[in-house]
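In: with the input below, show me the fold.
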Amino acid sequence: MNLALHRTDEEFNASLSILSIFHLDLSDHFQFYSSLQPQVFRKKQNEMMSIAGFIHFMKVMKLASSYNEALRIFESLHELIRLPLQDSLNIKNGINYAQFLETIVRTAYHKMEENGETEVDGAYKNILEQMFNDGNIELKKRMMEDRLISELYSHDNCKVFYEHATLLAAVFTNRSVDQLENFSELPKETFMQILIESGILTDKQAEET
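Out: Predicted coordinates:
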C-alpha cells in the first residue's frame with residue numbers, strides 16, 4: 001500500500017488503527033474473492049482479486065448508492081484501476097491485498113473531498129470509521145445469520161466458479177452489454193440461462209428423481 005498518500009500523521013494513524021481493527025474481516029473478503037479464479041502467481045502474498053470482485057465488495061460495503069457515484073469512486077482509484085473498466089474478470093487486471101487496502105484509503109479521501117471536508121480536523125478518520133460502520137464487513141457473522149449468504153460464500157459453491165472461471169469469463173466477454181463508456185453488464189436472466197444451458201447449473205431435485 002502506498003503510505004505516502006496520507007496527508008498527515010494523524011490520518012496515517014487513523015488508517016493504521018481502523019484497518020488493523022478490521023484486518024481479519026478484510027482478509028476474509030479478499031481470500032473469498034481471490035479464491036474464485038486460478039491465480040497467476042504462486043506465492044500467497046501475490047494473490048489477486050478481480051475487478052468484478054472489488055465491485056461486489058463495493059456493494060457489500062455500501063460505498064456507492066448509484067452508478068454515477070461508483071464511477072466517481074473508480075475515477076479516484078485511477079492509479080490502481082484503469083478506466084474504462086474492461087475485462088473485469090481477468091485476474092491479471094485485478095488488485096493484490098495491499099492495493100485492496102489502498103482502495104479503501106483512497107475511497108475515504110474521495111468521500112472527504114466530495115463532502116467538502118478536506119480542511120476539517122478529524123474528517124478523514126470519521127469518514128473511514130463510517131464506511132466500516134455502514135458496510136456489512138463481518139463476513140463470518142453474516143454467514144451465521146443468513147443461510148443464503150452462507151451458501152453463497154461456501155467453498156463447494158465457489159469451487160464451481162473456480163473450475164469454470166475461463167468459460168464464465170469468455171461468456172461474459174461475448175454476451176455482456178456495454179453500459180455508457182465504462183461498464184459492461186450481463187443481465188441476470190441471461191447469465192442464469194447460460195449456466196443452465198452449459199450444464200454448470202443443475203437442478204438437484206431433478207437429479208435425485
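
In: return the distance of Phe41 relative to Asn96.
Out: Distance of Phe41 to Asn96, given as CB to CB, to the nearest Å: 9 Å. Every residue, glycine included, has its C-beta placed from N, CA and C.

In: please apply the same query to Gln193.
Out: According to CB to CB, Gln193 and Asn96 sit 34 Å apart.

In: which one of Phe41 and Asn96 has more residues nearby?
Out: Using other CB atoms under 10 Å as the criterion, Phe41 and Asn96 rank with Asn96 on top: 18 against 11.

In: spit out the contact partners of that one.
Out: Asn96 makes contacts with Gln45, Asn46, Glu47, Met48, as judged by CB atoms under 8 Å, 6 or more residues apart in numbering.

In: in terms of pLDDT, where does the third one sit?
Out: The reference is to Glu47. Per-residue pLDDT puts Glu47 at 92.

In: I'd assumed Met192 was in a helix, is it?
Out: Yes - remark: Met192 belongs to a helix, assigned using DSSP: H, G, I helix; E, B strand; the rest coil.

In: what number of residues lie near Asn115?
Out: Close neighbours of Asn115, defined as other CB under 10 Å, add up to 12.

In: for Leu139, same thing?
Out: By the criterion of other CB under 10 Å, Leu139 has 19 neighbours.

In: setting aside sequence neighbours, what's the nearest residue to Leu3?
Out: Nearest residue to Leu3, sequence neighbours excluded (CB to CB, 6 or more residues apart in numbering): Phe12, at 6.6 Å.

In: with that, I have no additional questions.
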